[in-house]
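1. this is a predicted model, with the sequence first.
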Amino acid sequence: MHLGKLITFLAVTLVACGTPKECHAQPIGSIKTEEYTANFEKRKSLESLPPYTDTIEIPIQILKIGISEEVYEMYPELKDARVGMGVTNIVLEYLEETGRFVFTEDKLEIKERMVQQFKASSKGFTENKVDGKGKIKLAKYFVYIEVYDFSVGEDEVVEASGVTIKQVTQLGLQVRFVDAESGEVITGSGQGRAITTKTSTTLGDIEGPTFNKSTVGVSTKKALETASVRVVEKLIKKGLLKS
(Lines give C-alpha, C1' and ligand atoms only; values in the text may rest on other atoms or scores of the structure.)
Protein backbone atom coordinates (compact mmCIF):
# COMPACT_ATOMS: atom_id res chain seq x y z
CA MET A 1 0.00 0.00 0.00
CA HIS A 2 1.26 3.51 -0.77
CA LEU A 3 2.33 5.55 2.24
CA GLY A 4 -0.40 8.16 1.70
CA LYS A 5 -3.10 5.51 1.49
CA LEU A 6 -1.76 3.80 4.62
CA ILE A 7 -1.79 7.07 6.60
CA THR A 8 -5.36 7.76 5.49
CA PHE A 9 -6.40 4.23 6.43
CA LEU A 10 -4.86 4.55 9.93
CA ALA A 11 -6.37 7.99 10.44
CA VAL A 12 -9.84 6.74 9.60
CA THR A 13 -9.25 3.79 11.92
CA LEU A 14 -8.31 5.98 14.88
CA VAL A 15 -11.24 8.33 14.36
CA ALA A 16 -13.81 5.57 13.91
CA CYS A 17 -12.78 3.40 16.86
CA GLY A 18 -12.53 3.97 20.56
CA THR A 19 -10.83 0.71 21.58
CA PRO A 20 -9.13 -2.11 19.62
CA LYS A 21 -12.09 -4.34 20.43
CA GLU A 22 -14.54 -1.81 18.96
CA CYS A 23 -12.36 -1.42 15.88
CA HIS A 24 -12.36 -5.14 15.27
CA ALA A 25 -16.15 -5.31 15.48
CA GLN A 26 -17.24 -2.51 13.18
CA PRO A 27 -16.46 -1.79 9.51
CA ILE A 28 -14.51 1.41 8.87
CA GLY A 29 -15.69 1.91 5.31
CA SER A 30 -17.25 0.08 2.42
CA ILE A 31 -17.97 0.29 -1.31
CA LYS A 32 -21.08 -1.57 -2.42
CA THR A 33 -22.89 -1.71 -5.75
CA GLU A 34 -26.66 -1.86 -5.78
CA GLU A 35 -28.03 -5.17 -7.05
CA TYR A 36 -31.32 -5.69 -8.85
CA THR A 37 -32.95 -8.79 -10.29
CA ALA A 38 -36.16 -8.43 -12.30
CA ASN A 39 -39.03 -10.82 -11.62
CA PHE A 40 -38.69 -12.40 -15.06
CA GLU A 41 -35.10 -13.49 -14.37
CA LYS A 42 -35.19 -14.53 -10.71
CA ARG A 43 -33.65 -17.88 -9.86
CA LYS A 44 -35.71 -21.02 -10.53
CA SER A 45 -34.86 -24.69 -10.16
CA LEU A 46 -35.78 -27.60 -12.44
CA GLU A 47 -37.38 -29.19 -9.39
CA SER A 48 -40.04 -26.46 -9.39
CA LEU A 49 -41.58 -27.81 -12.63
CA PRO A 50 -44.60 -30.12 -12.24
CA PRO A 51 -44.17 -33.78 -13.27
CA TYR A 52 -44.81 -34.34 -16.97
CA THR A 53 -47.97 -36.41 -17.42
CA ASP A 54 -48.07 -36.65 -21.23
CA THR A 55 -46.33 -39.36 -23.26
CA ILE A 56 -45.65 -37.15 -26.30
CA GLU A 57 -42.27 -35.44 -26.43
CA ILE A 58 -41.98 -32.30 -28.56
CA PRO A 59 -39.17 -32.37 -31.14
CA ILE A 60 -36.85 -29.37 -30.88
CA GLN A 61 -33.55 -28.43 -32.46
CA ILE A 62 -31.03 -26.49 -30.42
CA LEU A 63 -28.93 -24.08 -32.44
CA LYS A 64 -25.51 -22.98 -31.33
CA ILE A 65 -25.27 -19.81 -29.28
CA GLY A 66 -24.63 -16.79 -31.42
CA ILE A 67 -22.77 -13.81 -30.00
CA SER A 68 -22.57 -10.93 -32.43
CA GLU A 69 -19.62 -8.60 -32.79
CA GLU A 70 -21.83 -5.81 -31.41
CA VAL A 71 -22.25 -7.79 -28.16
CA TYR A 72 -18.50 -8.46 -28.04
CA GLU A 73 -17.88 -4.73 -28.40
CA MET A 74 -20.18 -4.08 -25.43
CA TYR A 75 -18.75 -6.94 -23.33
CA PRO A 76 -15.19 -7.69 -24.53
CA GLU A 77 -14.65 -9.97 -21.50
CA LEU A 78 -17.09 -12.44 -23.07
CA LYS A 79 -14.69 -13.14 -25.91
CA ASP A 80 -11.75 -13.47 -23.52
CA ALA A 81 -13.72 -15.81 -21.25
CA ARG A 82 -15.10 -17.82 -24.18
CA VAL A 83 -18.60 -17.70 -22.71
CA GLY A 84 -20.14 -19.45 -25.71
CA MET A 85 -18.31 -22.70 -25.07
CA GLY A 86 -20.61 -25.44 -23.82
CA VAL A 87 -23.75 -23.27 -23.56
CA THR A 88 -25.62 -25.30 -26.18
CA ASN A 89 -24.71 -28.54 -24.40
CA ILE A 90 -25.76 -27.19 -21.01
CA VAL A 91 -29.20 -26.00 -22.16
CA LEU A 92 -29.76 -29.33 -23.93
CA GLU A 93 -29.12 -31.15 -20.64
CA TYR A 94 -31.48 -28.87 -18.72
CA LEU A 95 -34.29 -29.23 -21.25
CA GLU A 96 -33.77 -33.00 -21.42
CA GLU A 97 -34.13 -33.16 -17.62
CA THR A 98 -37.68 -31.78 -17.94
CA GLY A 99 -38.72 -34.96 -19.84
CA ARG A 100 -40.79 -32.95 -22.31
CA PHE A 101 -38.60 -32.81 -25.41
CA VAL A 102 -36.88 -34.98 -27.98
CA PHE A 103 -33.94 -33.47 -29.85
CA THR A 104 -33.37 -33.46 -33.59
CA GLU A 105 -29.95 -33.33 -35.18
CA ASP A 106 -28.82 -29.99 -36.60
CA LYS A 107 -25.62 -31.13 -38.31
CA LEU A 108 -26.10 -31.68 -42.03
CA GLU A 109 -23.31 -34.26 -42.23
CA ILE A 110 -25.03 -36.43 -39.60
CA LYS A 111 -28.32 -36.32 -41.50
CA GLU A 112 -26.54 -37.28 -44.72
CA ARG A 113 -24.93 -40.25 -42.97
CA MET A 114 -28.36 -41.38 -41.76
CA VAL A 115 -29.61 -41.38 -45.37
CA GLN A 116 -26.51 -43.19 -46.61
CA GLN A 117 -26.92 -45.85 -43.91
CA PHE A 118 -30.50 -46.50 -45.01
CA LYS A 119 -29.44 -46.78 -48.66
CA ALA A 120 -26.65 -49.21 -47.76
CA SER A 121 -29.06 -51.29 -45.69
CA SER A 122 -31.66 -51.48 -48.48
CA LYS A 123 -29.00 -52.76 -50.87
CA GLY A 124 -27.86 -55.44 -48.43
CA PHE A 125 -24.47 -53.87 -47.74
CA THR A 126 -24.86 -53.86 -43.94
CA GLU A 127 -25.31 -56.54 -41.29
CA ASN A 128 -28.14 -54.67 -39.55
CA LYS A 129 -31.24 -54.01 -41.63
CA VAL A 130 -33.01 -50.64 -41.54
CA ASP A 131 -36.64 -51.14 -42.57
CA GLY A 132 -37.12 -47.59 -43.80
CA LYS A 133 -40.21 -46.93 -41.69
CA GLY A 134 -38.35 -44.40 -39.56
CA LYS A 135 -38.18 -40.89 -40.93
CA ILE A 136 -36.11 -37.89 -40.00
CA LYS A 137 -38.17 -35.99 -37.44
CA LEU A 138 -38.68 -32.30 -38.09
CA ALA A 139 -38.32 -29.83 -35.24
CA LYS A 140 -41.44 -28.19 -33.84
CA TYR A 141 -39.29 -25.45 -32.30
CA PHE A 142 -35.84 -24.08 -33.00
CA VAL A 143 -34.06 -23.09 -29.79
CA TYR A 144 -31.24 -20.60 -29.42
CA ILE A 145 -29.64 -18.57 -26.65
CA GLU A 146 -28.81 -14.88 -26.44
CA VAL A 147 -26.69 -12.85 -24.02
CA TYR A 148 -28.48 -9.77 -22.73
CA ASP A 149 -26.36 -8.77 -19.73
CA PHE A 150 -22.80 -9.21 -18.54
CA SER A 151 -20.88 -7.40 -15.83
CA VAL A 152 -18.03 -7.83 -13.37
CA GLY A 153 -18.15 -5.65 -10.25
CA GLU A 154 -16.48 -5.41 -6.85
CA ASP A 155 -17.75 -4.72 -3.34
CA GLU A 156 -15.26 -3.78 -0.63
CA VAL A 157 -15.53 -3.71 3.17
CA VAL A 158 -12.62 -2.24 5.20
CA GLU A 159 -12.19 -3.19 8.86
CA ALA A 160 -9.34 -2.69 11.30
CA SER A 161 -8.58 -6.40 11.01
CA GLY A 162 -8.27 -6.28 7.24
CA VAL A 163 -10.15 -5.93 3.98
CA THR A 164 -12.75 -8.16 2.27
CA ILE A 165 -13.36 -7.70 -1.45
CA LYS A 166 -16.09 -9.54 -3.31
CA GLN A 167 -15.95 -9.71 -7.09
CA VAL A 168 -19.37 -10.48 -8.62
CA THR A 169 -19.66 -11.88 -12.15
CA GLN A 170 -23.20 -11.44 -13.44
CA LEU A 171 -24.55 -12.97 -16.64
CA GLY A 172 -28.02 -12.72 -18.17
CA LEU A 173 -29.06 -15.32 -20.77
CA GLN A 174 -32.31 -15.77 -22.66
CA VAL A 175 -33.51 -19.08 -24.11
CA ARG A 176 -35.73 -18.56 -27.18
CA PHE A 177 -38.15 -21.08 -28.67
CA VAL A 178 -39.12 -20.22 -32.25
CA ASP A 179 -42.15 -22.01 -33.70
CA ALA A 180 -40.96 -23.64 -36.94
CA GLU A 181 -44.33 -22.99 -38.65
CA SER A 182 -45.54 -19.64 -37.38
CA GLY A 183 -42.27 -18.02 -36.31
CA GLU A 184 -43.77 -17.15 -32.90
CA VAL A 185 -41.06 -16.56 -30.30
CA ILE A 186 -41.42 -17.73 -26.69
CA THR A 187 -38.68 -16.67 -24.29
CA GLY A 188 -37.35 -17.48 -20.86
CA SER A 189 -34.68 -15.37 -19.16
CA GLY A 190 -32.32 -16.08 -16.30
CA GLN A 191 -29.67 -14.24 -14.36
CA GLY A 192 -26.69 -16.05 -12.87
CA ARG A 193 -24.14 -14.76 -10.37
CA ALA A 194 -20.80 -16.12 -9.22
CA ILE A 195 -18.84 -14.50 -6.40
CA THR A 196 -15.10 -14.56 -5.78
CA THR A 197 -14.11 -13.41 -2.28
CA LYS A 198 -10.67 -12.16 -1.27
CA THR A 199 -9.87 -11.45 2.38
CA SER A 200 -6.67 -9.80 3.53
CA THR A 201 -5.42 -9.43 7.10
CA THR A 202 -2.57 -7.09 6.17
CA LEU A 203 -2.90 -3.41 5.39
CA GLY A 204 -0.55 -3.60 2.42
CA ASP A 205 -2.53 -6.15 0.43
CA ILE A 206 -5.97 -4.86 -0.44
CA GLU A 207 -5.95 -5.24 -4.21
CA GLY A 208 -9.07 -6.91 -5.58
CA PRO A 209 -9.10 -10.47 -6.95
CA THR A 210 -8.17 -10.92 -10.59
CA PHE A 211 -10.99 -11.90 -12.93
CA ASN A 212 -11.59 -15.64 -12.69
CA LYS A 213 -12.87 -17.21 -15.91
CA SER A 214 -14.46 -20.09 -13.98
CA THR A 215 -17.03 -17.62 -12.62
CA VAL A 216 -18.41 -17.32 -16.15
CA GLY A 217 -19.11 -21.06 -16.20
CA VAL A 218 -20.85 -20.96 -12.81
CA SER A 219 -23.01 -17.95 -13.68
CA THR A 220 -23.81 -19.50 -17.08
CA LYS A 221 -25.20 -22.69 -15.51
CA LYS A 222 -27.30 -20.73 -13.01
CA ALA A 223 -28.67 -18.44 -15.74
CA LEU A 224 -29.47 -21.30 -18.12
CA GLU A 225 -31.29 -23.40 -15.51
CA THR A 226 -33.55 -20.46 -14.65
CA ALA A 227 -34.11 -19.55 -18.32
CA SER A 228 -34.94 -23.16 -19.24
CA VAL A 229 -37.50 -23.47 -16.45
CA ARG A 230 -39.12 -20.14 -17.30
CA VAL A 231 -39.52 -20.91 -21.00
CA VAL A 232 -41.12 -24.29 -20.17
CA GLU A 233 -43.50 -22.55 -17.75
CA LYS A 234 -44.55 -20.17 -20.54
CA LEU A 235 -45.15 -23.06 -22.93
CA ILE A 236 -47.38 -24.69 -20.32
CA LYS A 237 -49.23 -21.42 -19.65
CA LYS A 238 -49.91 -20.97 -23.38
CA GLY A 239 -51.30 -24.50 -23.63
CA LEU A 240 -48.46 -25.61 -25.92
CA LEU A 241 -47.24 -28.13 -23.36
CA LYS A 242 -49.17 -30.28 -20.93
CA SER A 243 -48.08 -29.88 -17.33
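-> Received it, and whenever you're ready, just let me know what you need. Numbering: from 1, shown residues only.
2. count of residues packed around residue 39?
-> 5 (other CB atoms under 10 Å). Glycine gets a C-beta too; all of them are placed from N, C-alpha and C.
3. next: residue 174.
-> Residue 174 sits with 21 neighbouring residues when counted by other CB under 10 Å.
4. same thing with residue 182?
-> Number of residues near residue 182 (other CB under 10 Å) recorded here: 7.
5. in the chain, which spans are helices?
-> For the chain, the helices defined by DSSP state H cover 3-16, 20-25, 69-74, 76-81, 87-97, 108-122, 214-237.
6. which stretch in the ones you listed has the least confidence?
-> Lowest mean pLDDT within the helices of the chain: helix 3-16, a mean of 45.
7. list the contacts of the closest residue to residue 40 other than its chain neighbours.
-> Once flanking residues are discounted, residue 40 sits nearest to residue 189: 5.4 Å by CB to CB, 6 or more residues apart in numbering. Contact partners of residue 189, counting by CB atoms under 8 Å, 6 or more residues apart in numbering, are 40-41, 148, 172-175, 226-227, 230.
8. can you lay out those as TSV showing distance to residue 181?
-> Shown next, in TSV, are these (distance: CB to CB, whole Å):
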residue	distance to residue 181
40	26
41	29
148	26
172	29
173	26
174	22
175	20
226	28
227	23
230	23
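9. pull out the buried residues from these.
-> Neighbour-count burial (16 or more other CB atoms under 10 Å) applied to the contacts of residue 189 gives 41, 172-175, 226-227, 230.
10. now do the buried residues in stretch 195-202.
-> Buried residues in stretch 195-202 (16+ other CB under 10 Å): 196, 198.
11. contacts for stretch 45-58 next, please.
-> Contacts with stretch 45-58, where a contact means CB under 8 Å, 6+ apart, come from 94, 97-102, 140-141, 225, 228-229, 232-233, 236, 241-243.
12. ok, now stretch 220-240?
-> 40-46, 48-50, 83, 86-87, 90-91, 94-95, 98, 100, 145, 171-177, 186-194, 241-243.
13. next, count neighbours for residue 46.
-> Quick note: residue 46 (other CB under 10 Å) scores 14 neighbours.
14. and residue 56, by the same measure?
-> For residue 56, using other CB under 10 Å, the count is 10.
15. pairing partners for residue 159 in the sheet, please.
-> With DSSP bridges as the criterion, residue 159 is bridged to residue 27, residue 162.
16. can you count the residues close to it?
-> Residues near residue 159, counting by other CB under 10 Å, number 19.
17. what do you get for residue 167?
-> 20.
18. is it true that it touches residue 194?
-> No - using CB atoms under 8 Å, residue 167 makes no contact with residue 194, being 9.0 Å away.
19. between these two, what contacts are shared?
-> Common contacts of residue 167 and residue 194 (CB under 8 Å, 6+ apart): residue 215.
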